[in-house]
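> coords please:
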Amino acid sequence: MFFDFGAGELIGLALLAMVLLGPDKLPQLAVDAAKMVKKIKAFAATATTELKDNLGPGFEDLQPSDLHPKTFIKKQLANALDEDSSPNKPKFKAKIDPDLL
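Numbering: from 1, shown residues only. So this is what the prediction gives:
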């Protein structure tokens, strides 16, 4: 979840909403909020699909969380370390060619 609300905070917000809006307007507000959340989810899904299509091949498994800078850097470093740790490659690179000595 995006926000770190506990049960106490949610109950407090519900009571505050009942006092400010009244019990007669609260159900309509809940319906409107649910519609807005549904529209936002649809917009996010459409934006993600369009982004994948526009980036082209190689980005089929792109997730929106991959676009966060920390996640992107961690993923790139993990890929770089996986490439370097292949069993046929030496663990280090020689700075001086041994044939020249």
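> and the spatially most central residue of the chain, which of the three is it?
Centroid-nearest residue in the chain: Ser65, 2.0 Å away (criterion: Cα atoms, centre = their mean). Following DSSP: H, G, I helix; E, B strand; the rest coil, we place Ser65 in the helix state.
> Report the secondary structure state of Gly58.
coil.
> how close does it sit to Lys52?
Separation of Gly58 from Lys52 (Cβ to Cβ, to the nearest Å): 10 Å. Every residue, glycine included, has its C-beta placed from N, CA and C.
> What of His68?
17 Å.
> what do you get for Leu13?
Applying Cβ to Cβ, the value for Leu13 to Lys52 is 36 Å.
> Ok, Ala17 next?
38 Å.
> Give me the residues contacting the worst-scoring helix or strand of the chain on mean pLDDT.
When the helices and strands of the chain are scored by mean pLDDT, DSSP states H and E, helix 69-84 comes last with a mean of 75. Helix 69-84 is contacted from outside by 65-66, using Cβ atoms under 8 Å, 6 or more residues apart in numbering.
> for this structure, what are the low-confidence residue spans?
In the prediction, the chain carries residues with pLDDT under 70 at positions 1-3, 82-101.
> In it, what residue spans correspond to helices?
For the chain, the helices defined by DSSP state H cover 7-21, 26-55, 69-84.
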